[in-house]
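Undergrad: here are the coordinates; sequence isn't available:
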């Protein structure tokens, strides 16, 4: 968008210049207002006849006095509009101005270092001055000064780079030096767009740039210069002369910002230090704030992994995570595709969400050339990995013009997937190489997030499923098994993986749904939370095997009845006959017609009278009730009609069949209680307090019976 605006303004500016004699003063033309002749190198357009369309000449040259050393440049109308956009609309946070100016200072130092190493150009001005960045705040004068001891600016460079919006001095330098993208000698250059300098006008109503070029030839010809502007109508370039030795300009440049009303916070040392540590803490060159070094920590991710000690990792983790604990794991990763990237991820020893605190923000920040672009970026890793802390740095990452967000959405998605694959692979290696530490330390703390990932990231479901661990019916309490380990233990002919959802292991082991599996000697995985149940429902299969709930009806557990059992009726085996059982099923369904869709007999039960099957998950039902905004206060969603399976061998079912004709009222109470008991077992009873009146009536029947009173009176009371 910004490039479009710039190009459009550039075209308009060109035609205005052609059409209006006073719009641009051509070389050799004498001005009517000042009677001064414009020198050949007065404007950028005269020295660069084929200027690029992305750069806009910022001003018309006019001398403000007979002193030819002072030049006053007036901004054109289009340039004023663009400057207003840059200073008021481009950046989200005003504090970013300091990041931009420090980045420019770092580039100036990088350019000088490169010239000293590779060029024959003499750069011995103030040769004893070290390469560094100095920042000074003055609360009394309401100023902040950013000084670098880098390459400095000539008069022409001030006109070209400071008087022109969207012209990157760093890009021009790379072009002049014939540096290609593969040349690592200038990989530290940060600037790209040529708009960062103008961010100073977000907080300042006047900006001065005092500069002394490092090039010996320029210094002899021009000496120190000062560029000044209020960012409104014009700027001036003049010799810099100071009577105060403290303000004497050495090699490099000093940007002095006179802060606006309401921007006094940026002259406060503590506030500025906070901003520097946030955005520029890893800039290659030392940064001094009022004489004290600020960037004391090294960018650990930029070092070779073998050169980063455990102590460095601990210190760096505490910095990036703002934590006091020590990291459980760290992953130091480098890649060249889909773009060059350096990443350093940490897994904390704990997370805060389990304590009922608010949802965590993403923990990985995005850097480019060691400068913070986006803190706690939501684009680098998926939300379910928000517990991971760390840094991702890419030198050639496509950024928005404000350098606050990555720009190429498709490329960022590819980068995100590459980082995600690497991190999942890293966890898999930890689970394999140090299984006990993974199961005892990592998984109990962060397994919840992996399950969340299965529900959100369908592309990586299979890989994440391998990282899950559960308790099992055939393992001791507290022991965990993976799905792969479960498959390794089951018979080859078993094609399904069985799981049972229950609040605790004790309830799972006593569950009626487990009875058939105990009898068939089948292993069942135990899951204890709503998200576990949700994960199993979403996965559906694992390694070609179906994930089957133990609460499902018509389970085929491979049990075979003996010939003797097949030849006998149920009544001969101690239960109801087939006809009696079928009649009882019909009676129960008619009695509880508002609650039951189907009643049938089952052979899966051993010690329990009945179960509900093919029902919705109790854990998910409770979770949905929490988020249901349609139901009013005190209103529960209606439970759908259920399928009830009864055990024809259980004494309670046999007794119910015996009294359904002789004592129908008592039989009805018993059938209702059997149904409610099955709902409780399935975990889908919304409020068990509804059973209390009926339970009291049943107890009253027992008391009356014990006292020898006629049962008919008790049954009348019960109804």
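TA: The structure has been received and is ready for your questions. Treat the numbers as computed from the prediction; the structure is a model and nothing was measured.

Undergrad: for the chain, what helix or strand is lowest in average pLDDT?
TA: Ranked by mean pLDDT, DSSP states H and E, the helix or strand of the chain with the weakest confidence is helix 44-47, at a mean of 33.

Undergrad: now do the SS call for residue 514.
TA: Residue 514 carries the three-state label helix when classified by DSSP: H, G, I helix; E, B strand; the rest coil.

Undergrad: burial of it, as a residue count?
TA: Residue 514 has 21 neighbours, counted by other CB atoms under 10 Å. In this view, the C-beta of every residue, glycine as well, is placed from N, C-alpha and C.

Undergrad: before we move on, what about residue 455?
TA: The tally of other residues near residue 455 (other CB under 10 Å) stands at 16.

Undergrad: got the phi/psi numbers for it?
TA: Main-chain torsions, residue 455, degrees, to the nearest 10: phi -70, psi -20.

Undergrad: now it, nearest residue through space, not along the chain?
TA: Once its chain neighbours are removed from consideration, residue 455 has its nearest residue in residue 538; the separation is 5.6 Å (CB to CB, 6 or more residues apart in numbering).

Undergrad: ok, residue 360 touching residue 385?
TA: No - using CB atoms under 8 Å, residue 360 is not in contact with residue 385, being 10.4 Å away.

Undergrad: settle this for me: the residue nearest to residue 455 is touching residue 452, isn't it.
TA: No - with contact defined as CB under 8 Å, residue 538 does not count as touching residue 452 (10.9 Å).

Undergrad: which of these two has more residues huddled nearby?
TA: Comparing residue 538 with residue 452 by other CB under 10 Å, the one with more neighbours is residue 452, at 19 against 15.

Undergrad: need the contact list for that one.
TA: Counting by CB atoms under 8 Å, 6 or more residues apart in numbering, residue 452 makes contact with 384, 531.

Undergrad: name the element it belongs to?
TA: Counting by DSSP states H and E, the secondary-structure element that holds residue 452 is helix 443-456.

Undergrad: now the element after that helix, going C-ward?
TA: Under the assignment DSSP H and E, the closest C-terminal helix or strand after helix 443-456 is helix 461-465.

Undergrad: list the helices and strands that following helix packs on?
TA: Of the remaining helices and strands, those touching helix 461-465 by 3 or more CB pairs under 8 Å, 6 or more residues apart in numbering; DSSP states H and E are helix 409-433, helix 443-456, helix 530-539.

Undergrad: tally up the residues packed near the closest residue to residue 314 other than its chain neighbours, please.
TA: Counting by CB to CB, 6+ apart, residue 314 lies nearest to residue 326, which is 5.4 Å off, once chain neighbours are set aside. A total of 13 residues lie near residue 326 under the criterion other CB under 10 Å.

Undergrad: what about residue 326, distance to residue 446?
TA: Residue 326 sits 16 Å away from residue 446, taking CB to CB, to the nearest Å as the criterion.

Undergrad: related to what we said a few turns ago, reformat the helices and strands packed on helix 461-465 as TSV; add distance to residue 608 and mean pLDDT.
TA: Shown next, in TSV, are the helices and strands packed on helix 461-465 (distance: least, CB to CB, whole Å; pLDDT from 0 to 100):
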stretch	distance to residue 608	mean pLDDT
helix 409-433	37	92
helix 443-456	30	94
helix 530-539	21	88
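
Undergrad: export these to a markdown table and tack on distance to residue 597?
TA: Supplementary listing: these in a markdown table, determined by distance: least, CB to CB, whole Å:
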| stretch | distance to residue 597 |
| --- | --- |
| helix 409-433 | 43 |
| helix 443-456 | 29 |
| helix 530-539 | 21 |
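
Undergrad: so which of those comes closest to residue 231?
TA: The minimum distance between residue 231 and the helices and strands packed on helix 461-465 falls on helix 409-433, with 33.1 Å, by CB to CB.

Undergrad: buried residues in the closest one, which are they?
TA: 411-412, 415-416, 418-420, 423-424, 426-427, 430-431 (16 or more other CB atoms under 10 Å).

Undergrad: in TSV, list those along with distance to residue 70.
TA: Rendered in TSV, the data for these read as follows (distance: CB to CB, whole Å):
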residue	distance to residue 70
411	48
412	48
415	50
416	53
418	55
419	54
420	58
423	59
424	64
426	62
427	65
430	67
431	71
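
Undergrad: closest to residue 92 among those?
TA: Relative to residue 92, the closest of those is residue 412; by CB to CB it sits at 18.2 Å.

Undergrad: residue 394 is in contact with that closest one, correct?
TA: No - distance between residue 412 and residue 394: 9.9 Å, which falls outside the contact criterion (CB under 8 Å).

Undergrad: got the end-to-end distance for stretch 673-691?
TA: Between the opening and closing residues of stretch 673-691 there is a gap of 8 Å (CA to CA, to the nearest Å).

Undergrad: quick one: residue 330 from residue 317, how far?
TA: According to CB to CB, residue 330 stands 7 Å off from residue 317.

Undergrad: find residues that contact each of those two.
TA: Counting by CB under 8 Å, 6+ apart, the common neighbours of residue 330 and residue 317 are residue 346.

Undergrad: more neighbours: these two, which one.
TA: Higher neighbour count among residue 330 and residue 317: residue 317, with 24 against 20, using other CB under 10 Å.

Undergrad: check which residues of the helix or strand harbouring the more buried one are buried.
TA: Element membership of residue 317, judged by DSSP H and E, is helix 310-321. Along helix 310-321, these residues count as buried under the neighbour rule (16+ other CB under 10 Å): 313, 316-318, 320-321.

Undergrad: would you format those residues as JSON lines with pLDDT included?
TA: Conversion of the buried residues of helix 310-321 to JSON lines gives the following (pLDDT from 0 to 100):
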{"residue": "313", "pLDDT": "96"}
{"residue": "316", "pLDDT": "95"}
{"residue": "317", "pLDDT": "96"}
{"residue": "318", "pLDDT": "95"}
{"residue": "320", "pLDDT": "93"}
{"residue": "321", "pLDDT": "93"}
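
Undergrad: and which of the residues you listed is nearest residue 91?
TA: Distance to residue 91 across the buried residues of helix 310-321 (CB to CB) is lowest for residue 320, with 23.6 Å.

Undergrad: not counting sequence-adjacent ones, nearest residue to the closest one?
TA: Once its chain neighbours are removed from consideration, residue 320 has its nearest residue in residue 389; the separation is 5.6 Å (CB to CB, 6+ apart).

Undergrad: so what pairs up with the one you found in the strands?
TA: Beta-bridge pairing of residue 389 under DSSP bridges involves residue 346, residue 363.

Undergrad: rewinding a little: max pairwise distance over the buried residues of helix 409-433: which two?
TA: Checking those against each other with CB to CB, the farthest-apart pair comes out as 411 and 431, at 30.8 Å.

Undergrad: mind listing the strands for the stretch 451-600 of the chain?
TA: In chain order, the stretch 451-600 of the chain shows strands spanning 469-472, 481-482, 496-501, 525-527, 541-542, 545-549, 596-601, with DSSP state E, counting those that start in this stretch as the criterion.

Undergrad: okay, these, which one's buried deepest?
TA: Across those, the average number of neighbours (mean count of other CB atoms under 10 Å) peaks for strand 525-527, which reaches a mean of 24.

Undergrad: centre of the chain to stretch 113-129, how far?
TA: Its chain's C-alpha centre and that of stretch 113-129 lie 44 Å apart, by CA atoms, centre = their mean, to the nearest Å.

Undergrad: name the residues of it that come out as buried.
TA: Residues of stretch 113-129 classed as buried by neighbour count (16+ other CB under 10 Å): 113-115, 123, 125.

Undergrad: same deal with stretch 531-545?
TA: Judged by neighbour count using 16+ other CB under 10 Å, the buried positions of stretch 531-545 are 531-536, 539, 542.

Undergrad: give me the contacts around that stretch.
TA: With contact meaning CB under 8 Å, 6+ apart, stretch 531-545 is reached by 448, 451-452, 454-455, 461-462, 465, 468, 470, 483-484, 487, 495-497, 499, 501, 527, 546-547, 549, 617, 619-620.

Undergrad: distance from the chain centre to it, please.
TA: Using CA atoms, centre = their mean, the distance from the centre of stretch 531-545 to the centre of the chain it belongs to is 25 Å.

Undergrad: first-to-last residue distance for that stretch?
TA: With CA to CA as the measure, stretch 531-545 spans 21 Å from end to end.
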